[in-house]
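Trainee: give me coordinates for this.
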Amino acid sequence: MQLGVHIVVEGFVQGVGFRYFVLRQASTLGLRGYARNLYNGAVEIEAFGDRSVLEEFIKAVKVGPRAAHVADMKIQWKDDDPTRKGFEIR
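Mentor: As a prediction, this is how the structure comes out:
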């Protein structure tokens, strides 16, 4: 079943390659969506794909790259958006 997930990651997640880590994970897993920095220092992620793959993705995002420190994640499930193609950094 294709779904989407909206994630806001808080902590030390900007300036440490976090979005590129997310891009690599999403591309490896075949997910669609984007990652972008927010003005408050958090990173926003939207990803679309199979639920089991999204759950694996969320586990990887919770760990993040070596230099990052994830303090909190807000996760909201949503309907799939079939118009999304590929995964990008905004």
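Trainee: gap between the most centrally placed residue in the chain and Ser27?
Mentor: Nearest to the geometric centre of the chain sits Ile45, at 3.9 Å (CA atoms, centre = their mean). Using CB to CB, to the nearest Å, one obtains 13 Å as the distance from Ile45 to Ser27. Every residue, glycine included, has its C-beta placed from N, CA and C.
Trainee: could you do Phe48 as well?
Mentor: Counting by CB to CB, the gap from Phe48 to Ser27 is 13 Å.
Trainee: of those two, give the one with the bigger neighbour count.
Mentor: Neighbours were counted for Phe48 and for Ser27 using other CB atoms under 10 Å; Phe48 has more, 24 against 11.
Trainee: residue contacts, that one?
Mentor: Taking CB atoms under 8 Å, 6 or more residues apart in numbering, we find Phe48 in contact with 2-5, 31-33, 80-81, 84.
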